[in-house]
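Colleague: Could you work out the structure for the sequence below:
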Amino acid sequence: MKQKNILKLTAAAFAIIGTGTLLFNAAAETALASSAKRTQTVPTSYQVSNDLEMIFQKPGITEESGGIANCQVSMDSLNTGTPADTDLTMEEAAEAGVRHLGNIFGVDLEGAYVYMMYNPGTVTFPRAFWSGDVLFEKKQTPESTRWTFMVDAVTGELFNAGHGRQLDANPPLGLDQALEKDCSQYKELARKKTEECGLMDSPVDRVEYNCQGYSGNDPDIALDVIGENGEMINMSFSRYDQEFLGIITDTSLKISESALERIMKGEADDDDQIEKKTAVFEAP
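Modeller: As a prediction, the model looks like this:
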């Protein structure tokens, strides 16, 4: 039940990713840090595979072609972080992110604007990451159609990817109770998307309903795709037209779950200390 609640919180957070991963994580970090009243230090070890090398060796992105599919890459005006020497450069992270978006969404991003932000990690996500906001408008607005990504700052591994848009319609945003009972259509979409894009290292074992929500005026549904090896990813689709809206990877879910468990354990320890002090104070 605890894991399910954590996944629901993560899925709910995903709806905000499209309008600014860094802003959400920074806000969450401030609130939780205040609650926990402690600094979180999380050791990290990386197992760097050939995935990043494969990303950069795929054909189509060369200096002659203008770099990342002729995208215009720049640092977001809201960026406050500075990458370490061991981190990917802004251009390398953008290239990895655009590659992931192309694979998952099948979108041609040639000529797009890519705005990058770096974060050394937060209380709720204690891993350094680059996030990107990709759109075909020079000015970033909440209503802009966009694709977003968040990748590991060292390896380029995908943490999440999303697609945000403003619908030319006003569908109901409330809970669809019928989908709680039967969301087989979306389960099949999630299974198919996972297999087509090779998003898991093992065959899909099952797909489970997670929750419903919305981003802007686009209602969505989130599902958990579980592999035969226990791997899990969270995917979301529009309840309006079944458009694929995003993914949170297994690695990202595990990082968030571990961080939230650590925070909750810290709060529980604080409560125990308060109870002990109160008991001592009240003792005759």
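Colleague: which residue ranges form the helices in the stretch 51-200 of the chain?
Modeller: Assigned by DSSP state H, counting those that start in this stretch, the helices in the stretch 51-200 of the chain fall at 51-57, 90-105, 177-181, 184-197.
Colleague: most packed of these?
Modeller: Ranked by average neighbour count under the criterion mean count of other Cβ atoms under 10 Å, the helices of the stretch 51-200 of the chain are headed by helix 90-105 at a mean of 22. Where C-beta positions appear, they are placed from N, C-alpha and C, glycine not excepted.
Colleague: max-length strand in the protein?
Modeller: Criterion DSSP state E: the longest strand present in the chain is strand 204-215.
Colleague: burial of Asp168, as a residue count?
Modeller: For Asp168, the neighbour count with other Cβ atoms under 10 Å is 6.
Colleague: got it, and Lys265?
Modeller: Residues lying near Lys265 (other Cβ under 10 Å) number 11.
Colleague: about what we covered before: need the helices of the stretch 51-200 of the chain in CSV with distance to Leu245 and mean pLDDT, can you?
Modeller: Below are these laid out as CSV (distance: least, Cβ to Cβ, whole Å; pLDDT from 0 to 100):
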stretch, distance to Leu245, mean pLDDT
helix 51-57, 23, 42
helix 90-105, 10, 95
helix 177-181, 15, 94
helix 184-197, 11, 97
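Colleague: Please produce a markdown table containing the ones you listed, extended by distance to Arg165.
Modeller: Formatted as a markdown table, those follow (distance: least, Cβ to Cβ, whole Å):
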| stretch | distance to Arg165 |
| --- | --- |
| helix 51-57 | 26 |
| helix 90-105 | 12 |
| helix 177-181 | 20 |
| helix 184-197 | 17 |
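Colleague: Tell me which of the ones you listed sits nearest to Gly156.
Modeller: Proximity to Gly156, assessed across the helices of the stretch 51-200 of the chain by Cβ to Cβ, is greatest for helix 90-105 (3.5 Å).
Colleague: any idea of the angle that closest one forms with helix 184-197?
Modeller: 130 degrees (axes from the mean of the first three to the mean of the last three Cα atoms, to 10 degrees).
Colleague: Just name whatever secondary elements helix 90-105 is in contact with.
Modeller: On a contact count with 3 or more Cβ pairs under 8 Å, 6 or more residues apart in numbering; DSSP states H and E, helix 90-105 meets helix 51-57, strand 72-75, strand 113-119, strand 129-135, strand 146-152, strand 158-164, strand 244-248.
Colleague: and these, which one is worst for confidence?
Modeller: Note on the helices and strands packed on helix 90-105: helix 51-57 shows the lowest mean pLDDT, a mean of 42.
Colleague: Ala96 and Val151 touch, don't they?
Modeller: Yes - the criterion here is Cβ atoms under 8 Å, and Ala96 meets it with Val151 at 5.3 Å.
Colleague: got any residues that touch both of these two?
Modeller: Common contacts of Ala96 and Val151 (Cβ atoms under 8 Å, 6 or more residues apart in numbering): Leu88, Leu158.
Colleague: What residues sit buried inside stretch 160-178?
Modeller: The neighbour-count criterion (16 or more other Cβ atoms under 10 Å) identifies Asn160, Ala161, Gly162, His163, Gly164, Arg165, Leu173 as the buried residues of stretch 160-178.
Colleague: got those residues as a markdown table, with distance to Asp218 columns?
Modeller: Output for the buried residues of stretch 160-178, formatted as a markdown table (distance: Cβ to Cβ, whole Å):
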| residue | distance to Asp218 |
| --- | --- |
| Asn160 | 17 |
| Ala161 | 16 |
| Gly162 | 11 |
| His163 | 10 |
| Gly164 | 8 |
| Arg165 | 6 |
| Leu173 | 8 |
